[in-house]
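# curious how this folds, go ahead:
(one chain, ligands or ions: 1)
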Amino acid sequence: MRRKIVAGNWKMNKSLSQGLQLVDEILSASTSTEVLKIIAPPFTHLTAIAEILKSKADFAVAAQDCHHLPSGAYTGEVTAEMVASTGAKYVIIGHSERRLYAGETNDILIQKLNRALAANLIPIFCIGESIEERNAKTHLEAIRAQIKEALFHLSPNDFGKIIIAYEPVWAIGTGVTATSYQAQGVHDFIRTEINKKYGKEISENISILYGGSCNAQNAKELFACADIDGGLIGGASLKSSDFTAITNSF
Ligand code: PGA
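This is a model prediction of the structure:
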């Protein structure tokens, strides 16, 4: 059985004290231990939050990114090994905001994945089509290319460790969610592509999360879909009541 997961991507929000308060509120409100809750705060908060959550089997911490090289003169950057040294166990890679604002290409993403896995971090790898691709009905080809070009170099053993997040770019931060029909269609497509490449066992066991304006109102319908194993949540992860309601939406 694949794991149900809700990951909160805080992006560039919350001071350290605000972040610690949010974690505290989430811990007090959390009732289900069945769902894995992953908190992805800014780098500066990783150590403190990982320390608080280290004894909780149903909580974990993720970085929002890591650098693709092991060390060097790259001012402002953070390596996968540094992330792992904070106690974080996961790292988001390939978020569309990084592809857009930091110009991350498949080549860079492949290196990031390899660095993350070498540091024993579990990548949460983001894919998703643009509005132009969706309107032109080429979204499935776009998704296929993203998976093939950035992920299919992985050995079955490494591929079996990762989490995929399907985040249509047009749904991120826009308030426009993919319908459960649209999201399920793409999740099923992703799983089928993985099946063709890696076989049934790996494709059945990989968790595929939906992201893009997922909130306390629409999470239940999305999570009820056969191939949606949870969510990568941006805006709605910044309020403990919303985040908790989403984690209770399975
Ligand atoms: P959103 O962001 O929930 O605010 O749309 C999702 C994400 O970017 O991961």
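
# give me phi/psi at the nearest residue to Ile52 once chain neighbours are set aside?
Spatial nearest neighbour of Ile52, chain neighbours left out: Val23 (5.9 Å); criterion: Cβ to Cβ, 6 or more residues apart in numbering. No exception for glycine: its C-beta is placed from N, CA and C like everyone else's. Torsion angles at Val23 (phi, psi; degrees, to the nearest 10) stand at phi -60, psi -40.

# now Arg191
Backbone torsions of Arg191, given as degrees, to the nearest 10, read phi -60, psi -40.

# the ligand contacts on this protein?
Counting by Cβ under 6 Å from any ligand atom, the chain comes close to the ligand at 9, 167, 172-173, 211-214, 232-236.

# buried ones among those?
By neighbour count, with 16 or more other Cβ atoms under 10 Å, those hold Asn9, Glu167, Ile172, Gly211, Gly212, Ser213, Cys214, Leu232, Ile233, Gly234, Gly235, Ala236 as buried.

# and these, which two are the farthest apart?
Maximum pairwise distance in these, criterion Cβ to Cβ, is 13.6 Å, between Glu167 and Ala236.

# who touches both of the two?
The contact sets of Glu167 and Ala236 do not overlap (Cβ atoms under 8 Å, 6 or more residues apart in numbering).

# now do the contacts for the spatially most distant residue from the centre of the chain.
When each C-alpha in the chain is compared with the mean C-alpha position (Cα atoms, centre = their mean), Ala73 comes out farthest, at 28.2 Å. For Ala73, the contact set (Cβ under 8 Å, 6+ apart) is empty.

# all numbers from here: first residue = 846
With 846 as the first residue, the last one maps to Ala918.

# distance of it from Glu1038?
Relative to Glu1038, Ala918 is positioned 39 Å away (Cβ to Cβ, to the nearest Å).

# and the closest residue to the ligand within the chain, backbone torsions?
Nearest residue of the chain to the ligand (Cβ to the nearest ligand atom) works out as Gly1079 at 2.2 Å. Main-chain dihedrals, Gly1079, degrees, to the nearest 10: phi -100, psi -100.

# next, the nearest residue to it once chain neighbours are set aside: phi, psi?
Closest residue to Gly1079 apart from its sequence neighbours, by Cβ to Cβ, 6+ apart: Asn854 at 5.2 Å. Note on Asn854: its backbone torsions stand at phi -100, psi 100 [degrees, to the nearest 10].

# would you confirm that Asn854 contacts Ser1082?
Yes - using Cβ atoms under 8 Å, Asn854 makes contact with Ser1082 at a distance of 6.4 Å.

# re earlier: so which of the residues of the chain next to the ligand are in strands?
Using DSSP state E, the members of the residues of the chain next to the ligand that fall in strands are Asn854, Gly1056, Leu1077, Ile1078.
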